[in-house]
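**Student:** Give me the fold of what follows.
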Amino acid sequence: MESLLVLRDELVMARLVHRDFEPEVANRGDVIHTRKPTKLSARTWSGQSGSDADSQIEVDNLNARDLSISLDTLVYTAFLVEDRDEATSVKDLRDEFLVPAMDPIAQRIDDDIMTEFTSEASTDVSGSAVDRIAFATVGAGAAMDEDDIVDAREELNTSQCPMGGRVLVVCTGHEADLLRSNLFVQADQSGSTEALVNGRLGRKFGFDIYMSQNVTTAPDTDNTAQSLAFHRNAIALVNRPLLAVPRELGAISAYQSLDDISMRVTSAYDIRYKGVTVSFDVLYGVQLLDSNLAKIIKIGRASCRERV
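**Tutor:** Predicted coordinates:
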């Protein structure tokens, strides 16, 4: 369970999107049938009581929300705990093994979510891609400021995005721009006393604002820095437990779940290396649900990290 606590604390994007988790065991490549978050229509009833056609109401088909998402990604980390390390304290075990093992898994999950948002090849369930918005500040040396956040709000408002559950995830360069503003340096102006904690800058203009190191430079010729404004229902992360490895194969294996995250932990003694091999596995799939609920913001400083 300690490993899941570490993983949960390391995740950024995975905590900000729609999640689908069920305890049923699955394998890589399985297709999961899930549902998009409900979106109903409000209508005016103008008929009279009776059996005529005018008195009948129009009913939304909730079955239309059903969709299939492939569990196409299985990520893992593995390491050897040598005999001489078995006396390691619990604190040292966390610092020396668990944190280094969980960090790359968290980075990969967050990176896959971000790629699903920003890749030019990604489309939602209706075949539409996320809009790329170049604000007026685009240009050499341009910095992100509060006007850009207001513009992002306007873009989502125009798309009739729900007001609650909005998130702005900025790249490293845009975070640096915002941190130079008194609007975010002072906690009482950031909208939250939790500002600057765990990648969270605060809440402003209806957005919970975070930084992610997985936001990369826009894939175009102008090398523009980009950030992402979205509603949590724009994308889904689907996670399922993996089948435990049978004891007959000489391993101790089980899956653990915490806050809609499931991970398989497997260990086995390896006589060749005089130590225990430990492996952590996470099975998941990512799907863009509604491109209208997300906007890619391009602002002209070329300061996001390059994907490696």
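
**Student:** how many other residues sit next to residue 175?
**Tutor:** 24 (other Cβ atoms under 10 Å). (C-beta placed from N, C-alpha, C; glycine too.)

**Student:** just use 528 as the starting number from now, easier for me
**Tutor:** Sure thing, new numbering starts at 528, so read that last one as residue 702.

**Student:** OK, contacts around it?
**Tutor:** Neighbour list for residue 702: 728, 738 [criterion: Cβ atoms under 8 Å, 6 or more residues apart in numbering].

**Student:** Any stretches of the stretch 678-827 of the chain with poor pLDDT?
**Tutor:** Counting by pLDDT under 70, the ranges of the stretch 678-827 of the chain that qualify are 711-726, 743-751, 826-827.

**Student:** what do you get if the cut-off is 50, keeping everything else the same?
**Tutor:** Along the stretch 678-827 of the chain, segments meeting pLDDT under 50 span 714-715, 717, 720, 722-724, 748.

**Student:** Residue 778 and residue 796 touch, don't they?
**Tutor:** No: using Cβ atoms under 8 Å, residue 778 is not in contact with residue 796, being 9.2 Å away.

**Student:** Tell me which residues of the helix or strand in which residue 702 is found come out buried.
**Tutor:** Element membership of residue 702 [criterion: DSSP states H and E] is helix 699-706. When burial is assessed from 16 or more other Cβ atoms under 10 Å, helix 699-706 yields the following buried residues: 699-702, 704-705.

**Student:** Reformat those residues into JSON lines and put distance to residue 687 next to each item.
**Tutor:** Output for the buried residues of helix 699-706, formatted as JSON lines (distance: Cβ to Cβ, whole Å):
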{"residue": "699", "distance to residue 687": "31"}
{"residue": "700", "distance to residue 687": "30"}
{"residue": "701", "distance to residue 687": "26"}
{"residue": "702", "distance to residue 687": "29"}
{"residue": "704", "distance to residue 687": "29"}
{"residue": "705", "distance to residue 687": "27"}
